[in-house]
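Peer 1: just need the structure, nothing else, for what follows:
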Amino acid sequence: MKCLKIIGLLAGLALLHGCAAVPESHKLAYEPQPDVTPVEGASQVAVNVVVEDAREDQRRISHKRHSWGFPMASIHSEEPVEEAVKAAIEQELLARGFGLDGDASVIIQGDITELYSNLHLIDTFFTGKAVGKSTIQLEVRSEADEVLFSREISVAPEHKGLMYQSASNLARPVELAVEETLDELFDDPLFMDALLSDSHVSGIR
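Peer 2: Modelled structure (predicted):
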């Protein structure tokens, strides 16, 4: 029985090994929140979204591993990660009725300090999992540079049951991390209050 377990373990590692020496790129996808409705007053507020990537290696979002666990080929994002995060934030804003304007007085500032996926070779007997690690600082600032909202959001989503080290498998926790971060952000009533706080200029409040 012990011999069978060892054989199974080696077989699982062989499956997960895949082409671990071949680097790949992946276009990050974003799945917006469902059933979103316009927010009262949002149509009279324009927002400028600015996202910066403070990570040391700004293109890499994951890497493959050898069967023995040491890092191999990198997984890179096809587009700058900050652009993908910015586009996701803007998509959620538009869904709620906000306008977008690069010169708007209401500014959402996002700073990416961590956004990465690590492969764990053994999850179950024959599979592995990829685990995300993400930390993004988000602020809402006024035209006078007053901080109206500030929050650091950290998430660690998992993508389980991996049978092969592909770019899509290893990048999936990064996509999930962006989605979970924006779920938390847009579900925070203080964030929405900050976006609407300048709306008195338009006579709404």
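
Peer 1: what helices or strands is the longest helix along the chain leaning on?
Peer 2: Across the chain, the longest stretch assigned as helix under DSSP state H is helix 167-186. If you count contacts as 3 or more Cβ pairs under 8 Å, 6 or more residues apart in numbering; DSSP states H and E, helix 167-186 packs onto strand 24-26, strand 60-65, strand 71-77, helix 81-95, strand 106-120, strand 128-141, strand 147-155, strand 158-162. Glycine gets a C-beta too; all of them are placed from N, C-alpha and C.

Peer 1: angle of that helix against strand 147-155?
Peer 2: Direction vectors for helix 167-186 and strand 147-155, defined by axes from the mean of the first three to the mean of the last three Cα atoms, to 10 degrees, enclose an angle of 140 degrees.

Peer 1: that older thread, would JSON lines of the helices and strands packed on helix 167-186 with mean neighbour count be doable?
Peer 2: As requested, these are exported to JSON lines (neighbours: other Cβ atoms under 10 Å):
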{"stretch": "strand 24-26", "mean neighbour count": "17"}
{"stretch": "strand 60-65", "mean neighbour count": "23"}
{"stretch": "strand 71-77", "mean neighbour count": "19"}
{"stretch": "helix 81-95", "mean neighbour count": "19"}
{"stretch": "strand 106-120", "mean neighbour count": "20"}
{"stretch": "strand 128-141", "mean neighbour count": "21"}
{"stretch": "strand 147-155", "mean neighbour count": "16"}
{"stretch": "strand 158-162", "mean neighbour count": "16"}
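
Peer 1: check contacts around the residue lying closest to residue 181 once chain neighbours are set aside.
Peer 2: If the residues on either side of it in the chain are set aside, residue 181 comes closest to residue 153, at 4.8 Å by Cβ to Cβ, 6 or more residues apart in numbering. Each residue near residue 153 by Cβ atoms under 8 Å, 6 or more residues apart in numbering is listed here: 134-136, 138, 181, 184-185.

Peer 1: please tell me how far residue 153 sits from residue 115.
Peer 2: Residue 153 sits 11 Å away from residue 115 when distances are taken as Cβ to Cβ, to the nearest Å.

Peer 1: any shared contact partners between the two?
Peer 2: If you check residue 153 and residue 115 against Cβ under 8 Å, 6+ apart, the residues they both contact are 134-136.

Peer 1: so who does the residue positioned nearest the centre of the chain touch?
Peer 2: Computing the C-alpha centroid of the chain and ranking residues by Cα atoms, centre = their mean puts residue 178 first, at 2.2 Å. Counting by Cβ under 8 Å, 6+ apart, residue 178 makes contact with 28, 30, 84-85, 88, 115, 134.

Peer 1: looking at those, which is nearest residue 143?
Peer 2: In terms of Cβ to Cβ, no member of these lies closer to residue 143 than residue 85, at 23.1 Å.

Peer 1: quick check: the closest one touching residue 51?
Peer 2: Yes. Contact between residue 85 and residue 51 holds when scored by Cβ atoms under 8 Å: they sit 5.0 Å apart.

Peer 1: what do those two both touch?
Peer 2: Going by Cβ under 8 Å, 6+ apart, residues that sit against residue 85 and also against residue 51 are 110, 112.
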